[in-house]
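Participant: build me a structure from this.
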Amino acid sequence: MKFNTRAIHGGQQNIDPAYNSVMPPIYQTTTYAQSAPGVHKGFEYSRSGNPTREALEKAIASIENGTYGLAFGSGLAAIDAVLKMLKPGDEVICTSDLYGGSYRLFTKVFSDFGIKFHFIGMENAEDIENVVNAQTRLVWVETPTNPMMNIIDIEAIARITQNHRLLLAVDNTFATAYLQRPLDLGADIVMHSATKYLGGHSDVVMGSLVVNDKKLADKLYFVQNASGAVPGPQDCFLVLRGIKTLHVRMQRHCENAKAVAHALKANLNVGQVYWPGFEDHPNHEIAKRQMSDYGGMVSFTTKAGTLESAVKTLKKLKVFTLAESLGGVESLAGHPTSMTHASIPKEDREKTGVVDSLIRLSVGIEDIDDLLTDLEQALN
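Facilitator: Modelled structure (predicted):
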């Protein structure tokens, strides 16, 4: 089954057996009747399992070419579940340029539990060899990274983690399974903030994990049930619906982002433009190899290079909405240093290029002429 078909049908029953519903129903229930103690139809209590959630988990696993899917109440809840498999004294190697919420969870929560985090640039995969030691248990990767759009070679990292018997987790939120499938490249865990492109309509908060190994899946299922950070059936239904149009939306996101990136690069009031589709992008060839297109995210700095110039530009936008998050059908513009990455110390974020004049765009699926006109008037 090819991807476009899998997005609609993958992992799903063609017709719900109860009343021949074509779409999976919303099972808005907390508990399930048992015919005798311990005898039931597969579900006991909705924290442990729900038919609507199960349909979503199977769908997410299918599009990622995975075996086991798990849904959580948010992307950070999904990351939290992965880290709960570790113990005090364990160490994690992380992408230095990553989502501020991930950084906050790592440094402000799990560091207090005795887990050590190393934040390094992974554009050269071999650099992680300098940090691996006997306590290393996990390598955490974002690619493309948020917000600098750096590209990391998943296959090369996987060879290193497999050699050292480490877990490799990849945050695939920006690319989605439409563009990139980390499990096929050697990753052990794929994570999504399903709030973003999988949901696709800025109306639900959710996270997910996909794995192939049953022992790993069992550990994560245990954490999911024991910690209880699960989504409700209504939210699961919304993301499941979103996945069915993922392929057509992502195609337009990519087309529009390409046009926006080239227009920004030609604008005299723009400094640097960060988009992996440019041939002069440092790891463009890796992106070309491991992705089928370059995604809907573009970041850039203003030519003036000041906070004031970025704020002025953002306030003038009319079609792009100034807001956090990304991946919805509408175009959003964000200011990482004061919004999504404010929890990262200024010195640390500036080392990775997240400066005050940086603007991050989530390019939506509107008419491209309207988007380009809006950017031009805001910048000029």
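Participant: residue ranges of the strands in the stretch 1-150 of the chain, please?
Facilitator: Remark: strands assigned in the stretch 1-150 of the chain by DSSP state E, counting those that start in this stretch are 68-72, 91-95, 116-120, 136-142.
Participant: P24: which of those is closest?
Facilitator: Of all the strands of the stretch 1-150 of the chain, strand 68-72 sits nearest to P24, with 13.1 Å by CB to CB. All C-beta atoms are positioned from the backbone trio N, CA, C, and that covers glycine.
Participant: before we move on, the earlier item: any idea which of the strands of the stretch 1-150 of the chain gets closest to D153?
Facilitator: Per CB to CB, nearest to D153 of the strands of the stretch 1-150 of the chain: strand 136-142, 9.5 Å.
Participant: that closest one - contacts with which helices or strands?
Facilitator: With contacts taken as 3 or more CB pairs under 8 Å, 6 or more residues apart in numbering; DSSP states H and E, strand 136-142 sits against strand 91-95, helix 154-163, strand 167-171.
Participant: the ones you listed: which one's closest to I115?
Facilitator: Closest to I115 of these is strand 91-95 (CB to CB; 6.5 Å).
Participant: who does the closest one pair up with?
Facilitator: In the sheet, strand 91-95 lines up against strand 116-120 (parallel), strand 136-142 (parallel) (DSSP bridges).
Participant: adding distance to R360, mean pLDDT and mean neighbour count, write the helices and strands packed on strand 136-142 out as CSV.
Facilitator: Shown next, in CSV, are these (distance: least, CB to CB, whole Å; pLDDT from 0 to 100; neighbours: other CB atoms under 10 Å):
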stretch, distance to R360, mean pLDDT, mean neighbour count
strand 91-95, 16, 98, 24
helix 154-163, 22, 98, 18
strand 167-171, 16, 98, 25
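Participant: in whatever helix or strand L375 lives in, which residues are buried?
Facilitator: In the assignment (DSSP states H and E), L375 maps to helix 368-379. Within helix 368-379, the residues scored as buried using 16 or more other CB atoms under 10 Å are 368, 371-372, 374-375, 378-379.
Participant: between the strands paired with strand 91-95, which one is nearest to Q28?
Facilitator: The nearest among those, by CB to CB, is strand 136-142 at 34.5 Å.
Participant: follow-up on the earlier one: next, format the helices and strands packed on strand 136-142 as JSON lines and append distance to P276.
Facilitator: Below are the helices and strands packed on strand 136-142 laid out as JSON lines (distance: least, CB to CB, whole Å):
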{"stretch": "strand 91-95", "distance to P276": "15"}
{"stretch": "helix 154-163", "distance to P276": "13"}
{"stretch": "strand 167-171", "distance to P276": "15"}
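Participant: that's a strand at I151, yeah?
Facilitator: No: per DSSP: H, G, I helix; E, B strand; the rest coil, I151 lies outside any strand segment and is coil.
Participant: now do the helices in the stretch 201-350 of the chain.
Facilitator: Counting by DSSP state H, counting those that start in this stretch, the stretch 201-350 of the chain has helices at residues 214-227, 233-243, 246-266, 284-290, 307-316, 346-351.
Participant: so which residue is dead centre in this protein?
Facilitator: T173 (1.7 Å; CA atoms, centre = their mean).
Participant: can you name the residues that contact it?
Facilitator: 75, 99, 142, 146, 191-193, 196-197, 327 (CB atoms under 8 Å, 6 or more residues apart in numbering).
Participant: what's the answer for G200, then?
Facilitator: 242, 245-246, 249, 327-329.
Participant: tell me the one of the residues you listed nearest F113?
Facilitator: Nearest member of the contacts of G200 to F113, counting by CB to CB, is G327, at 30.6 Å.
Participant: quick one, what contacts the closest one?
Facilitator: Listed by CB under 8 Å, 6+ apart, the contact set of G327 reads 173, 195-200, 202, 296, 362.
Participant: for it, give me the pLDDT.
Facilitator: G327 is assigned a predicted lDDT (pLDDT) of 98.
Participant: same question for I15.
Facilitator: So, for I15, pLDDT stands at 71.
Participant: ok, back up a step: out of the contacts of G327, who has the most neighbours?
Facilitator: Among those, G296 has the most neighbours (other CB atoms under 10 Å), with 31 neighbours.
Participant: my guess is that one meets C254, correct?
Facilitator: Yes: with contact defined as CB atoms under 8 Å, G296 reaches C254; the gap is 6.1 Å.
Participant: may I see the buried residues of the helix or strand of the chain with the lowest mean pLDDT?
Facilitator: The weakest-scoring helix or strand in the chain, judged by mean pLDDT, DSSP states H and E, is helix 346-351 (a mean of 92). Using 16+ other CB under 10 Å as the test for burial, helix 346-351 gives R349.
Participant: how about stretch 75-88?
Facilitator: Buried, per 16+ other CB under 10 Å, within stretch 75-88: 75-86.
Participant: can you add distance to K315 and pLDDT and give these back as a markdown table?
Facilitator: Shown next, in a markdown table, are these (distance: CB to CB, whole Å; pLDDT from 0 to 100):
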| residue | distance to K315 | pLDDT |
| --- | --- | --- |
| G75 | 28 | 98 |
| L76 | 29 | 98 |
| A77 | 33 | 98 |
| A78 | 34 | 98 |
| I79 | 33 | 98 |
| D80 | 35 | 98 |
| A81 | 39 | 98 |
| V82 | 38 | 98 |
| L83 | 38 | 98 |
| K84 | 41 | 98 |
| M85 | 44 | 98 |
| L86 | 43 | 98 |
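Participant: now render those as a markdown table, adding distance to K219.
Facilitator: Below are the buried residues of stretch 75-88 laid out as a markdown table (distance: CB to CB, whole Å):
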| residue | distance to K219 |
| --- | --- |
| G75 | 19 |
| L76 | 19 |
| A77 | 16 |
| A78 | 14 |
| I79 | 15 |
| D80 | 14 |
| A81 | 9 |
| V82 | 10 |
| L83 | 12 |
| K84 | 9 |
| M85 | 5 |
| L86 | 11 |
